[in-house]
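**Student:** Sequence and predicted model, in that order:
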Amino acid sequence: MHEVVLANRILNALRKISAKHDAEVLEVNLRIGEINEPRALRLWLKKLGRDEFKSAKFNIAKVPLHITCSCGYSGKADIPADPHLPEPEIEVVCPKCGGHDISLTSGRELEIVDVKLKKKGCKNV
């Protein structure tokens, strides 16, 4: 369940941001690659951060999986049937030739784009 690990990474980063500014996290904008299962990741963010980030809103922009293949194909690809593998991109196949000689050009992103904070006794930061 790599979503748990990814959710913990995000929550740890938010803890640092919150502590640095002595503020509460109100809203987080994320870019999450499709291979990282954005829907499941949202659930784990809420579950693991339920006490600390109970009022935080997590907005997720899903980044589709795109590949380039040695056959010349460049474009969208389907996510693997089992994205819980240690390296799920190994299971990605080229929709044109069915081959595995591919490179991911997008779909693995895990980015905190911005964070909206509320300082104690102040308006939003």
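**Tutor:** Thanks, I have the structure now.
**Student:** What strand or helix carries the most centrally placed residue in the chain?
**Tutor:** Nearest residue to the geometric centre of the chain (CA atoms, centre = their mean): I32, 2.9 Å. Assigned by DSSP states H and E, I32 belongs to strand 23-33.
**Student:** next structured bit after that strand?
**Tutor:** Toward the C-terminus from strand 23-33 - assigned by DSSP H and E - lies helix 38-48.
**Student:** Now tell me what touches that following helix from outside.
**Tutor:** With contact meaning CB atoms under 8 Å, 6 or more residues apart in numbering, helix 38-48 is reached by E3, V4, L6, A7, N8, I10, L11, I32, F53, F58, I60, K62. C-beta: built from backbone N, CA, C; applies to glycine.
**Student:** please redo it, this time with the cut-off set to 6 Å
**Tutor:** Here helix 38-48 makes contact (CB atoms under 6 Å, 6 or more residues apart in numbering) with E3, V4, L6, A7, L11, I32, F58, I60, K62.
**Student:** How about whichever helix in the chain runs longest, which residues are buried there?
**Tutor:** Taking DSSP state H as the criterion, the chain has its longest helix at helix 2-21. Buried residues in helix 2-21, counted by 16 or more other CB atoms under 10 Å: H2, E3, L6, A7, I10, L11, L14, S18.
**Student:** what about R50, how many neighbours?
**Tutor:** Residues within reach of R50, counting by other CB atoms under 10 Å, total 9.
**Student:** Kindly report the same for L45.
**Tutor:** 23.
**Student:** How confident was the prediction at it?
**Tutor:** The score at L45 is 96. That number is its pLDDT.
**Student:** hang on, the earlier thing: just name the closest of the contacts of helix 38-48 to K96, please.
**Tutor:** Distance to K96, by CB to CB, is smallest for K62 among the contacts of helix 38-48, at 23.2 Å.
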